[in-house]
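Novice: Sequence unavailable; structure follows:
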């Protein structure tokens, strides 16, 4: 029996379905084919949480260090696409500012000021697409501040990011990336080189250049920019969408902002901004019901793992009081756990609280219905909202 015949549910799964509304298909796969071969993916899809953890913890058997790794094709080798000693060498120069205490001390005031500035500009309008007018600009501002890039503005950084994301998504979906991705990365790399060359500045990039080559600093800067913007923009828009779609849960949060952390974790569980992570088998191995061959693509569905009913009872329900929501895997796991997870959480919590406090009767715009979308990165393409404006 061929591998396709052995996994009929995987054979019937399409990338279009997984981009549009993946949850019913992922639930079916998780229950009956928790490691399944998807011909459209040309690889394995892992949907059960325990098996997902096994893959992400075992970098010796399931590596990111493969020429097919999509992000590396656009920005070159980095902490995201290396394992073992090389991964450590690339990651360590960037660790310090993203530890919990350093994140709060180094970024809380900046995030609060930037959030206040953005909302002040929006307040009189009474209606806006919060993804583009608020979540994206906030994420870009914080990433630019964290990296210490000189000579760039938020619009430029956001345009680089959008173009690089499109290229990575195209490669993951099996398409050839447009040349715009390489051009955007070349511009980012030039900005990194200018920052490192400006010895009058003190920044994370300048510090990292003491231990890495400038091209290595640039590739890791791209990964941090990519992850920092994508993670936070997705977290803010997804969390706000979940809250506004569930008035009972929103009322709980409004009555006690101490529940905001739970709301953020629960939103991450239901709709992680990064839906999947890719690994490649370094040897023949067995994972659950599947015999995996050396070189096979093994894609972990963080979205599928996060709704595993064996861990999360009533997994499709949004519950800001869920006691174990922090077991979600939206930031991955193992050696490639998201470097800036604490920063993303801090940004999202501050952003949500200020939005709910300062925009009266904040609600979804019924003229612009929306839903999370995307195969690799999932968030609403737009998030149009209304509020009662004093103007």
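Specialist: Done, it's in. Every value quoted in this text rests on a predicted model; they were computed, and no experiment measured them.
Novice: So which bits of the helix or strand of the chain with the lowest mean pLDDT are buried?
Specialist: Sorted by mean pLDDT, DSSP states H and E, the helices and strands of the chain end with helix 154-172, the least confident at a mean of 81. For helix 154-172, a neighbour-count test (16 or more other CB atoms under 10 Å) marks 154, 156-158, 160-161, 163-172 as buried. The C-beta positions use only the backbone N, C-alpha and C, and glycine is treated the same way.
Novice: name the helices or strands packed onto it?
Specialist: Counting contacts by 3 or more CB pairs under 8 Å, 6 or more residues apart in numbering; DSSP states H and E, helix 154-172 packs against helix 70-75, helix 136-147, helix 179-197, helix 214-245.
Novice: Need the ones you listed in CSV (columns: distance to residue 296 and mean pLDDT).
Specialist: Formatted as CSV, the helices and strands packed on helix 154-172 follow (distance: least, CB to CB, whole Å; pLDDT from 0 to 100):
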stretch, distance to residue 296, mean pLDDT
helix 70-75, 16, 84
helix 136-147, 34, 90
helix 179-197, 26, 88
helix 214-245, 24, 92
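Novice: At which residues are the strands of the stretch 201-350 of the chain located?
Specialist: 276-281, 285-287, 290-292, 297-301 (DSSP state E, counting those that start in this stretch).
Novice: Out of the ones you listed, flag the one nearest residue 310.
Specialist: Nearest to residue 310 among the strands of the stretch 201-350 of the chain is strand 297-301; the distance by CB to CB comes to 15.0 Å.
Novice: pLDDT averaged over the closest one - what is it?
Specialist: Mean per-residue pLDDT for strand 297-301: 98.
Novice: Same question for stretch 308-326.
Specialist: The average pLDDT within stretch 308-326 is 98.
Novice: Residue 166 reaches residue 180, doesn't it?
Specialist: Yes: between residue 166 and residue 180 there is a contact under CB atoms under 8 Å: 7.5 Å.
Novice: Columns mean neighbour count on top of the helices and strands packed on helix 154-172, output as a markdown table?
Specialist: A markdown table is the format used below for those (neighbours: other CB atoms under 10 Å):
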| stretch | mean neighbour count |
| --- | --- |
| helix 70-75 | 22 |
| helix 136-147 | 23 |
| helix 179-197 | 18 |
| helix 214-245 | 24 |
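Novice: Residue 364 pairs with what?
Specialist: Taking DSSP bridges as the rule, residue 364 bridges to residue 385.
Novice: What residues does it make contact with?
Specialist: 241, 244, 245, 370, 384, 385, 386 (CB atoms under 8 Å, 6 or more residues apart in numbering).
Novice: doesn't residue 238 make contact with the fourth one?
Specialist: No: contact status for residue 370 versus residue 238: not in contact, 10.7 Å apart, counting by CB under 8 Å.
Novice: hey, what's in contact with both of the two?
Specialist: Both residue 370 and residue 238 are in contact with residue 380, where contact means CB under 8 Å, 6+ apart.
Novice: OK, contacts around the nearest residue in space to residue 222 that is not next to it in sequence?
Specialist: Setting aside the residues directly before and after it, residue 222 is nearest to residue 75 in space (CB to CB, 6 or more residues apart in numbering), at 4.1 Å. Counting by CB under 8 Å, 6+ apart, residue 75 makes contact with 164, 185, 218, 219, 222, 223, 226.
Novice: what do you get if the cut-off is 7 Å, keeping everything else the same?
Specialist: Neighbouring residues of residue 75 by CB atoms under 7 Å, 6 or more residues apart in numbering: 185, 219, 222, 223.
Novice: just residue 37 next, same as before
Specialist: Residues near residue 37 by CB under 7 Å, 6+ apart: 3, 4, 7, 10, 44.
Novice: And what about it, helix, strand or coil?
Specialist: strand (DSSP: H, G, I helix; E, B strand; the rest coil).
Novice: Next, format the strands of the stretch 201-350 of the chain as TSV and append distance to residue 95.
Specialist: Listed next are the strands of the stretch 201-350 of the chain as TSV, based on distance: least, CB to CB, whole Å:
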stretch	distance to residue 95
strand 276-281	20
strand 285-287	30
strand 290-292	32
strand 297-301	24
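Novice: Out of these, which gets nearest to residue 99?
Specialist: strand 276-281 (22.6 Å).
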